[in-house]
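Q: Give me coordinates for this.
(one chain, ligands or ions: 1)
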Amino acid sequence: MRNKELIEKLKIERALSHDEWLQIFDTWDADDLAFAIETAREIAVDRFGKKIYFRGIVEFTNVCKNDCYYCGIRAGNSECQRYRLDEEDILKCCADGYAHGFRTFVLQGGEDPYYTKDRICVIVRRITEEYPDCAVTMSIGELDRDFYQALYDAGARRYLLRHETRDAAHYALLHPAGMSIESRMRCLKDLKEIGFQTGCGIMVGSPHQTSEHIAEDMMFMTEFKPEMVGLGPFIPHRDTPFRDEPAGSVDLTLLVIALTRILLPDALIPSTTALGTAEAEGRQKGVLAGCNVVMPNLSPLEVRKKYMLYDGKVGTDMSAEAGIRTLRVQMEEIGYEVIVGRGDFNDKNSSIWEGRHR
Ligand code: 5AD
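A: All right, here's what the predicted structure looks like:
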């Protein structure tokens, strides 16, 4: 089958075989990309209209015990100036965000042992009590099941944990000994079982990544059915072992985004900061390829530049307010409207949609 036929098949069956995925990633051309994007956009517009959900992200600590080879805040980067926001700082970010209309707060940080289960749960509980109409999303890495359960009990309902790659050997090339794909999968499974809306995802074009790996990632997502998927190009950071590796391609990232939208029509897929960093119009292109979320930064200006996962990260010189304004304008430029509200994962319209398209 030709690639376009495979994309049609994906739209109907919501699955492809490993070899079919592999064919697409090995042989796609500009026409196939345009077709995937068009198909994905149609699905997204059909489901969500030209509406983009806003999530406010608070990067509350850049201390991390892990040493992932790609990441600028890895433990081994002695150039990185470390910071932690305290409870009051975090609540202040949420108050600012709330005033701007945000109803979802994403608390993201490195794997920072200072934030014990008790400490972080106190913060989550305060946010969910002060803002009962808001959703709290956590993105703080690999933790015990108990810890995840405690976060859920404190009121968090969503969790982002990219799997980075489904392939064990590739995973081992991106992470030091001591981190493993088995552990990552255990976490994702626990999160789903506890009841979190769960996000996985990859960096497109990460070092040593092959078409085979991306095919495996698509197979994994088919089975795991994440409610959210984070996808961005790999971008090297100068103080990491991958400093000389090439950045991932924007077009391949858009292809993966579009195919993910076709595979998972209801998923919440952010147009990521990495995409906006790789290319000035990257975030708009992401939306036009099927993304339905953007995540402006609510962190205090003073700490922005310290949360540098990769070189050149956009938005680090802008106040929360200016960042929000920029994103709003970017979305309006392409005819999309930014909407506030919780924007939970919702697939209750699936049957209507299937009726229309099958
Ligand atoms: N380039 C792009 N994305 C990166 N991340 C970490 N480092 C980089 C980089 N150099 C992504 C990872 C991680 C998320 C928080 O940021 O996929 O899961």
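Q: quick check: mean pLDDT across the longest helix along the chain?
A: Scanning the chain for the longest helix, with DSSP state H as the assignment, gives helix 30-48. Averaging pLDDT along helix 30-48 gives 98.
Q: same check, this time on stretch 145-163
A: The average pLDDT within stretch 145-163 is 98.
Q: Quick one: check it for contact with the ligand.
A: Yes. Using CB under 6 Å from any ligand atom, stretch 145-163 reaches the ligand at residue 162. (Glycine included, C-beta is placed from N, CA and C.)
Q: Wasn't residue 9 part of a helix?
A: Yes. Residue 9: assigned to a helix according to DSSP: H, G, I helix; E, B strand; the rest coil.
Q: returning to what we had before: what's downstream of the longest helix of the chain, the next helix or strand?
A: Next along the chain after helix 30-48, taking DSSP states H and E as the criterion, comes strand 51-54.
Q: my guess is residue 238 contacts residue 311, does it?
A: Yes. Proximity of residue 238 to residue 311 meets the contact threshold set by CB atoms under 8 Å, at 5.7 Å.
Q: Show me which residues of the stretch 101-250 of the chain are close to the ligand?
A: For the stretch 101-250 of the chain, the contact set with the ligand under CB under 6 Å from any ligand atom comprises 162, 164, 203, 232, 234, 235, 237.
Q: if you set the cut-off to 5 Å instead, what comes out?
A: Residues of the stretch 101-250 of the chain found near the ligand, taking CB under 5 Å from any ligand atom as the criterion, are 162, 203, 234, 235.
Q: burial of residue 150, as a residue count?
A: 18 (other CB atoms under 10 Å).
Q: does it count as helix, strand or coil?
A: Criterion first, three-state DSSP; result for residue 150: helix.
Q: thinking it is in contact with residue 121, fair?
A: Yes. Here residue 150 lies in contact with residue 121, judged by CB under 8 Å, at a distance of 5.2 Å.
Q: Next, the contact list for residue 105, please.
A: 55-58, 93-94, 97, 127, 131, 134-137, 298 (CB atoms under 8 Å, 6 or more residues apart in numbering).
Q: All set now, cheers.
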